[in-house]
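> Based on what follows, work out the 3D shape:
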Amino acid sequence: MIQIMQSNFYSNLGKKQYNVTITMQPERAPIFDKTGTQFLAINKDAFSAFILPKQIKNQDALHTFLKEHFPDKIKLLGKNKNKHFMFIQRKLTDSQLQTIKKSNIPDLHLLKEPNRFYPVESASTVVGITDIDNNGLSGLELNYNQKLSGTPTTFFLEKDARSGYFYFKKETKIQGQIAQPITLSIDSNLQFLVAEELKETIKRYNAKEGAILVVNPDNGDIVTMVNYPYFDPNNTQSITTHNRKNKVITECYELGSVIKVFAALAALEEGVVTKDEIIDCKSKKTTYIDGRKINTVKAHGPITFSEVVEKSNNIGIAIVAKRVGEKIYDHYKKIGFGKKTDIDFPAEQRGFINPPHKWSKQSIISLSYGYEISATLLQLAKAFCLIARNGTPISPRLLLSHAKNNTDTAQKNINPKALYSQDSIDTIKQILENTTLRGTARRARINGYKVMCKTGTANLLVNGRYSENNNIFTCAGIIEKDNYKRVIVTFIKEVPSSFINGVKRNVYAQSVAVPLFEKVAEKTLIHDKII
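This is a model prediction of the structure:
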């Protein structure tokens, strides 16, 4: 009866007793900063609380405790009273853990689970976070989730049916992949120092938000990328729609006068102007070109083209841009505006340049000083890297290892073809240096170093109209000494205008973004020990 008629029944019963399939998930890999020794993301054990609804011993004590500390779980327990397992709270805070331990309620059980910990809060919008199951949710945690998490391995086991402790056979059914760490180009120490300067500036001017980029133009490494406000990655309750984005990459802006640098570079390359040519900028702050009204901050009269950029005169740059014509669009595209940098980061924006077939009479004027063209701060930094590299482009990168496009990026950055002549680059560098020495960026000067900056103050669109009271302030530039180079971009958004004796005092980039540039440059030089 047992061996023949019920053979299949007992055989299957035996297999259920000693055949076991186990799936093991590898530990999530860490994220390092550029040194390879400082952690930007690491694993840390956390505790979760659970109950066994079908085995509750003291219903009244448990109900009282839940009502006081986890009231939302009482209703859930009522729905799951016939279940074998139910979480009360995953990844408990320290205070929650102590409360549960002190309760001494036997029906409350604790489970140790892996949890992600982020030591550098100011890198939160870059590194991102994981969800409650340690899967990438945003930032680089999301973009490199598969590498960081690996894949599980499934084992087939035959165990002793009596004791359950001894295994007769272990066979790998599905071989998983080990989780791979990634190393970023970010310098965690400099990231912290720069973030402190940004926070101080935003607090001083009561600004809405800001950002800073520091890039090594020699290899495209992003050394620092800070957005403020940022969130606390170890407390997901701190995340809001205002602080969760990496706006350096995922948001575009009409940046204003900082774009004059590239309008000037296009004009120099096309040979329609020289740096010493006298441009009649009129002796008033308002004029008309082709019937279109142009305002500039100060009236300068006839000045050299170099001074047009140095003093950031809208009238002068518009006059020269008209000579360049539709080719200005081609130059902006060649420099890298209007297309993604292909950095390994989710939701990168490409920006926009109004194409010639959609131009109005205003378009060439607007394009000359930073309107009808929107760009990310990363695109702006990339464009200044082009100048720092004597006309050769560079692809910015956040990862030093395990990048999806690491090979392609490396190939792009090896001996790229120069996009501009050395004469044009030398001239624009001289203009930028003069802008720092005696122009709108003169507060960025640092003795003993070559600093080449340009500012931009732009009005924001509010309800479809440009608002004079809602502005963004930018300072972008290059700092050099011997073979050392860094491109720095500082950005502040929406500083309230001040009133002195009832008179409105407008705020400009030269009073907000430029001093911040100077402080960031000093911190960077000291940190890098460039004396």
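> which residues does the spatially closest residue to residue 458 that is not a sequence neighbour contact?
Distances taken as CB to CB, 6 or more residues apart in numbering place residue 256 nearest to residue 458, at 3.0 Å, with adjacent residues excluded. C-beta here means a position set from N, CA and C on the backbone, and glycine is covered the same way. Contact analysis of residue 256 by CB atoms under 8 Å, 6 or more residues apart in numbering lists 369, 370, 371, 456, 457, 458, 459, 472, 474, 509.
> does the first one really touch residue 314, like I thought?
Think residue 369. Yes - at 5.0 Å, residue 369 counts as touching residue 314 under the criterion of CB atoms under 8 Å.
> So for those two, which sits in the more crowded spot?
Set side by side, residue 369 and residue 314 show more neighbours around residue 369, with 27 against 23, by other CB atoms under 10 Å.
> Quick check: that one vs residue 451, distance?
22 Å (CB to CB, to the nearest Å).
> next one: residue 460
Residue 460 is 28 Å from residue 451, by CB to CB.
> Same question for residue 209.
When CB to CB is applied, the distance between residue 209 and residue 451 equals 25 Å.
> got it, and residue 148?
39 Å.
> Which residues are in contact with the residue nearest to residue 46 when sequence neighbours are not counted?
Among residues not flanking residue 46 along the chain, residue 115 sits closest, at 3.5 Å (CB to CB, 6+ apart). Taking CB under 8 Å, 6+ apart, we find residue 115 in contact with 43, 44, 45, 46, 91, 134.
> Can you name the residues bridging to the first one?
Going by DSSP bridges, residue 43 is paired in beta bridges with residue 116.
> So for residue 209 and residue 451, which sits in the more crowded spot?
Higher neighbour count among residue 209 and residue 451: residue 451, with 24 against 19, using other CB under 10 Å.
> helices and strands around the helix or strand where that one lies, which ones?
Assigned by DSSP states H and E, residue 451 falls within strand 450-462. Strand 450-462 sits against helix 422-438, strand 465-481, helix 509-527, with contacts defined as 3 or more CB pairs under 8 Å, 6 or more residues apart in numbering; DSSP states H and E.
> of these, which approaches residue 218 most closely?
Residue 218 lies closest, by CB to CB, to one member of those: strand 465-481, at 11.2 Å.
> List the pairing partners of whichever helix or strand comes after the closest one within its sheet, with orientation.
Counting by DSSP H and E, the next helix or strand C-terminal to strand 465-481 is strand 484-493. If you go by DSSP bridges, strand 484-493 pairs up with strand 209-216 (antiparallel), strand 465-481 (antiparallel).
> Filter the contacts of residue 115 down to the buried ones and express that as a PyMOL selection.
Restricted to buried positions by 16 or more other CB atoms under 10 Å, the PyMOL selection for the contacts of residue 115 reads:
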select buried, resi 43+46+91+134
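> Now pLDDT and distance to residue 268 too, for the contacts of residue 115, in JSON lines please.
Listed next are the contacts of residue 115 as JSON lines, based on pLDDT from 0 to 100; distance: CB to CB, whole Å:
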{"residue": "43", "pLDDT": "92", "distance to residue 268": "53"}
{"residue": "44", "pLDDT": "88", "distance to residue 268": "55"}
{"residue": "45", "pLDDT": "84", "distance to residue 268": "60"}
{"residue": "46", "pLDDT": "85", "distance to residue 268": "59"}
{"residue": "91", "pLDDT": "84", "distance to residue 268": "58"}
{"residue": "134", "pLDDT": "88", "distance to residue 268": "53"}
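> closest to residue 390 among the contacts of residue 115?
When those are compared for distance to residue 390 (CB to CB), residue 43 wins out at 44.4 Å.
> Please report how far that closest one lies from residue 118.
Where residue 118 is concerned, residue 43 sits at a distance of 11 Å (CB to CB).
> cool, residue 423 as well?
48 Å.
> Can you pull out the low-pLDDT segments for the stretch 51-200 of the chain?
Within the stretch 51-200 of the chain, the ranges that satisfy pLDDT under 70 run 155-176.
> hmm, 50 instead?
Applying pLDDT under 50 to the stretch 51-200 of the chain picks out residues 164.
> could you pull out the strands for it?
Ranges of strands within the stretch 51-200 of the chain are 86-89, 109-117, 153-159, 167-174, 182-183, based on DSSP state E, counting those that start in this stretch.
> Name the residues that touch the first one?
Spelled out, it's strand 86-89. So strand 86-89 is contacted by 48-53, 66, 70, 73, 76-77, 80, 96, 108 (CB under 8 Å, 6+ apart).
> Sheet-wise, list the partners of it with their directions.
Per DSSP bridges, strand 86-89 is paired in its sheet with strand 39-51 (antiparallel).
> before we move on, which element is residue 294 in?
In this assignment (DSSP H and E), residue 294 forms part of strand 292-295.
> and the gap between the residue lying closest to residue 38 once chain neighbours are set aside and residue 40?
Among residues not flanking residue 38 along the chain, residue 188 sits closest, at 4.6 Å (CB to CB, 6+ apart). The gap separating residue 188 from residue 40 is 6 Å, by CB to CB.
> Overlap of the contact sets of these two?
Counting by CB under 8 Å, 6+ apart, the contacts common to residue 188 and residue 40 are 33, 119, 120, 123.
> Show the buried residues in those.
Counted by 16+ other CB under 10 Å, the shared contacts of residue 188 and residue 40 give 33, 120, 123 as buried.
> nearest residue to the first one other than its sequence neighbours?
Nearest residue to residue 33 in three dimensions, chain neighbours excluded: residue 188, at 4.0 Å (CB to CB, 6+ apart).
> Next, count neighbours for that neighbour.
When neighbours are counted by other CB under 10 Å, residue 188 registers 21.
> Hmm, it is touching residue 126, no?
No - between residue 188 and residue 126 there is no contact under CB under 8 Å: 10.8 Å.
> what's the neighbour count on the nearest residue to residue 119 once chain neighbours are set aside?
Setting aside the residues directly before and after it, residue 119 is nearest to residue 39 in space (CB to CB, 6+ apart), at 5.5 Å. Other residues lying near residue 39 total 16 when counted by other CB under 10 Å.
> Okay, domains of this protein per the record?
Annotated domains of the chain cover 46-115, 188-527 [automatic domain parsing].
> mind putting those in JSON lines, distance to residue 12 included?
Shown next, in JSON lines, are these (distance: least, CB to CB, whole Å):
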{"stretch": "domain 46-115", "distance to residue 12": "23"}
{"stretch": "domain 188-527", "distance to residue 12": "46"}
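> tell me the most buried of the ones you listed?
Neighbour counts (mean count of other CB atoms under 10 Å) averaged over each of the domains of the chain peak at domain 188-527, with a mean of 19.
> ends of that one, how far apart?
Domain 188-527 has an end-to-end distance of 11 Å (CA to CA, to the nearest Å).
> Extract the C-alpha trace of stretch 123-136 and format it as PDB.
Once non-C-alpha atoms are left out, stretch 123-136 reads as follows in PDB (Å, rounded to 0.1, in the frame of the first residue of the first chain):
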ATOM      1  CA  ALA A 123      25.000  65.500  -1.700                       C
ATOM      2  CA  SER A 124      21.400  64.200  -1.300                       C
ATOM      3  CA  THR A 125      20.100  65.700  -4.600                       C
ATOM      4  CA  VAL A 126      23.000  64.000  -6.400                       C
ATOM      5  CA  VAL A 127      23.300  60.700  -4.700                       C
ATOM      6  CA  GLY A 128      19.500  60.200  -4.200                       C
ATOM      7  CA  ILE A 129      17.800  57.700  -1.900                       C
ATOM      8  CA  THR A 130      16.400  54.200  -1.800                       C
ATOM      9  CA  ASP A 131      12.900  53.000  -0.900                       C
ATOM     10  CA  ILE A 132      12.000  51.000   2.100                       C
ATOM     11  CA  ASP A 133      13.200  47.800   0.400                       C
ATOM     12  CA  ASN A 134      16.600  49.400  -0.500                       C
ATOM     13  CA  ASN A 135      15.800  49.800  -4.200                       C
ATOM     14  CA  GLY A 136      17.000  53.000  -5.900                       C
END
